[in-house]
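Undergrad: Give me coordinates for this.
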Amino acid sequence: MSVTVKNVTRLFGTQKALDDVSFSISSGEIVGFLGPNGAGKSTMMKIITGYLTPTSGSVEVCDIPVKEHSLELRKKIGYLPEHNPLYLDMYVREYLNMVGGIYKLKNIKGKTEDIINITGLTPEAHKKIGALSKGFRQRVGLAQALIPDPEVLILDEPTTGLDPNQILEVRNLITEIGKDKTIMLSTHIMQEVEAICERVIIINNGKIVADEAADGLMSVSSVSGTMITVEFNEQPDLKKLEEIEGITGIEPSGNKLLIKCDPDKDIRPEIFSFAVNNDLILLEISKEERDLEAVFHELTM
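TA: You can find the predicted model right below:
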């Protein structure tokens, strides 16, 4: 396992930021770590990277205990914090060379040029960091995390504050990097998780409330399935409507009906037939797949 977290609790005074948290991440996985603000995401990431110690419990990275070997492990972990700390008066190459020196790397200049190419910083490498756009600053942050060629990459809100084009660029970069590294990614952007992550861990109030493969997360939620919004010209007989095979529930919403149904069966043709057979006029019918955002709301609200 690349990351193993066992029964971790972290207190800040009387406040319990993490409450008996356990999970593991295998080598090569890209895992989305989700939760509302204040749920404990950043605290957990800081503990994994050795910047904080747990009140109780243990963490291992690459089978090495973080608490006893935090300095040694920082060579194996690349970390991009939520608030990307950069020296704005330094040039991009200068800054990355400095980071390489901190890690005591051999052939620092060669590694710096490789990372600049990998992260797409070549056209901006001659500039001071303070002159870069937010998107390129995030790339510099990723570059410093990648300099030691870490086995594990921890990214806390890597696309915060970026415009849609910059988000797509950084997302593609993370996907490319993830081909040969273990990545733990915290974000509030559900589309990002669906596009990048193989597995999702959701934390709420310091506790893990879901830990599933990304494509299987719907199974843990009561909102799983498909919703059909229907409006007839008058109120139908709901008991007759419920007899349609595949319908699992009907909820009136004003003049409309929210029909929950089996995701493996398209019931729209049957609804059309129902309208014809019961002398109803179908004013509206639309299909909505229940997505990760719906699951997130249910598990954290």
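
Undergrad: Tell me where the stretch 1-150 of the chain has strands.
TA: Here the stretch 1-150 of the chain has its strands, by DSSP state E, counting those that start in this stretch, at 3-12, 15-25, 30-34, 56-61, 64-65, 77-80.

Undergrad: Which of those strands sits closest to Asn172?
TA: strand 30-34 (13.1 Å; C-beta to C-beta). Glycine gets a C-beta too; all of them are placed from N, C-alpha and C.

Undergrad: Between strand 15-25 and that closest one, find me the angle.
TA: Calculated by axes from the mean of the first three to the mean of the last three C-alpha atoms, to 10 degrees, strand 30-34 forms an angle of 160 degrees with strand 15-25.

Undergrad: Tell me which other helices or strands strand 30-34 touches.
TA: helix 41-48, strand 182-186, helix 190-196, strand 199-204 (3 or more C-beta pairs under 8 Å, 6 or more residues apart in numbering; DSSP states H and E).

Undergrad: What is the end-to-end distance of stretch 112-127?
TA: Stretch 112-127 stretches 15 Å from its first residue to its last (C-alpha to C-alpha, to the nearest Å).

Undergrad: for the chain, what are the low-confidence residue spans?
TA: 1, 216-225, 289-291, 293-294, 296 (pLDDT under 70).

Undergrad: Break it down into its structural domains.
TA: Following automatic domain parsing, one finds the domains of the chain at 3-215, 226-300.

Undergrad: of all these, which gets the most neighbours per residue?
TA: Comparing the domains of the chain by mean neighbour count (mean count of other C-beta atoms under 10 Å), domain 3-215 ranks first with a mean of 18.

Undergrad: how long is that one from one end to the other?
TA: 22 Å.

Undergrad: gap between it and the chain center?
TA: 12 Å (C-alpha atoms, centre = their mean, to the nearest Å).

Undergrad: same question, stretch 239-247
TA: 37 Å.

Undergrad: residues in contact with the residue nearest to Thr182 when sequence neighbours are not counted?
TA: In space, Thr182 comes closest to Ser2 once its chain neighbours are excluded; the distance is 4.0 Å by C-beta to C-beta, 6 or more residues apart in numbering. Residues near Ser2 by C-beta atoms under 8 Å, 6 or more residues apart in numbering: Ile25, Ser26, Ser27, Gly28, Glu29, Val61, Cys62, Glu151, Val152, Thr182.
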